[in-house]
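Student: any chance you can model this:
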Amino acid sequence: MPRNRNLIMLSTALACSVVMAWLCISIRGASSYEIRPRITVPAYRTDTARAIDAYERMLERLIKLTGKNLTDIDTEVKGIARTLHSVDSKLTELTGRMARIEKTLGIEQPKRPLKKNIDTEKQDPDTKRPSESGR
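Tutor: I've put the predicted structure just below:
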């Protein structure tokens, strides 16, 4: 029995030392924590850099607004073109009808189109007005 007891004591001491060694190894590995904080400091910006950024944002807004306005203008011009095409076709039809009416009635076309010039309606500078003749 003393021999068994010594063997049990020896095996228990050996088991305890193995457990202690294992715990020491795991503690030593866990003690090597490395903390790397990820704190960033914003870069210092000069007034010039902020002014340039504001100018770029303003130009982007201007470009978007100009594009929108050009799209609106294009839509309006297309509508005006449709209206002018309609007016042109109606004038062509009216010209044809007038030509047929003139032909039926025997009306001759003038050789030159009549132009009414604004300058011919005014008096010539050589002719005096009645109020100026007394002077």
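Student: can you give me the helices in this structure?
Tutor: 2-30, 47-105, 118-121, 130-133 (DSSP state H).
Student: so which of the ones you listed comes closest to Arg38?
Tutor: Set against Arg38 and scored by C-beta to C-beta, the helices of the chain come closest in helix 2-30, at 22.4 Å. Any C-beta I mention is one placed from the backbone N, CA and C, and that applies to glycine too.
Student: mean confidence (pLDDT) on that closest one, please.
Tutor: Mean pLDDT, computed over helix 2-30, is 77.
Student: one more: stretch 95-106?
Tutor: Stretch 95-106 comes out with an average pLDDT of 91.
Student: quick check: buried residues in it?
Tutor: In terms of neighbour count (16 or more other C-beta atoms under 10 Å), stretch 95-106 has no buried residues at all.
Student: could I have it exported to CSV, CA atoms only?
Tutor: C-alpha atoms of stretch 95-106 as CSV (Å, rounded to 0.1, in the frame of the first residue of the first chain):
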residue,chain,number,x,y,z
THR,A,95,-50.3,80.6,-101.7
GLY,A,96,-51.5,77.8,-103.9
ARG,A,97,-55.1,78.8,-103.3
MET,A,98,-54.4,82.5,-104.0
ALA,A,99,-52.6,81.5,-107.3
ARG,A,100,-55.6,79.4,-108.4
ILE,A,101,-58.0,82.3,-107.5
GLU,A,102,-55.9,84.9,-109.4
LYS,A,103,-55.6,82.6,-112.4
THR,A,104,-59.4,82.0,-112.5
LEU,A,105,-60.1,85.8,-112.2
GLY,A,106,-57.4,86.7,-114.6
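Student: picking that back up, and the helices of the chain as TSV, adding distance to Thr40?
Tutor: Below are these laid out as TSV (distance: least, C-beta to C-beta, whole Å):
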stretch	distance to Thr40
helix 2-30	29
helix 47-105	18
helix 118-121	77
helix 130-133	90
